[in-house]
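Engineer: Curious how this folds, go ahead:
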Amino acid sequence: MPSKRVMDKQQEEWLGAVPPAYRSTYERAMTEKSYVAAIKAMCHSCNGYDDAFNRTRECHIRSCPLWPYRFGSTEWPSTSRSSQNLKPSAGKTGK
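Structural biologist: Sure thing, here's the model as predicted:
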């Protein structure tokens, strides 16, 4: 089993601000090099830790680069709905 990483001072301070229900996910992301835990921790943070489990499931921000992976999936969803929501709006070129 690979050894765990040690969190630095800034990460420890951030962990102290994370609500108890979400701490184990953040800690696992930072110490065990877990991509899945890192994505979950970011989704929980983005949702403000306010009912983050349900809000992550109902997330509508499909332009987020982590959206397709928020439940551990390794492939982009192939539904036409998600593809439509990722297209840039008319007139917006991103320049």
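Engineer: From start to finish, how long is stretch 14-21 in a straight line?
Structural biologist: Stretch 14-21 has an end-to-end distance of 14 Å (Cα to Cα, to the nearest Å).
Engineer: ok, now stretch 48-63?
Structural biologist: Taking Cα to Cα, stretch 48-63 runs 18 Å from one end to the other.
Engineer: Ok, stretch 8-24 next?
Structural biologist: Counting by Cα to Cα, you get 16 Å between the two ends of stretch 8-24.
Engineer: Please enumerate residues in contact with it?
Structural biologist: By Cβ atoms under 8 Å, 6 or more residues apart in numbering, the surrounding residues in contact with stretch 8-24 are 7, 26-27, 30, 41, 44-45, 49, 52. For every residue, glycine as well, the C-beta is placed using N, CA and C.
Engineer: Can I get the buried part of these as one PyMOL selection?
Structural biologist: Only the buried entries of the contacts of stretch 8-24 go into this PyMOL selection, using 16 or more other Cβ atoms under 10 Å:
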select buried, resi 26+27+30+41+44+45+52
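Engineer: among the contacts of stretch 8-24, which are in strands?
Structural biologist: Judged by DSSP state E, strands contain none of those.
Engineer: per-residue confidence for residue 85?
Structural biologist: Looking at residue 85, its pLDDT reads 45.
Engineer: could you measure the closest residue to residue 49 other than its chain neighbours against residue 28, distance?
Structural biologist: Closest residue to residue 49 apart from its sequence neighbours, by Cβ to Cβ, 6 or more residues apart in numbering: residue 19 at 4.8 Å. According to Cβ to Cβ, to the nearest Å, residue 19 and residue 28 sit 15 Å apart.
Engineer: out of those two, which sits in the more crowded spot?
Structural biologist: More crowded of residue 19 and residue 28, by other Cβ atoms under 10 Å: residue 28, with 17 against 12.
Engineer: wouldn't residue 29 be in contact with residue 37 here?
Structural biologist: Yes. The pair residue 29 / residue 37 is scored as a contact, 3.9 Å apart, by Cβ atoms under 8 Å.
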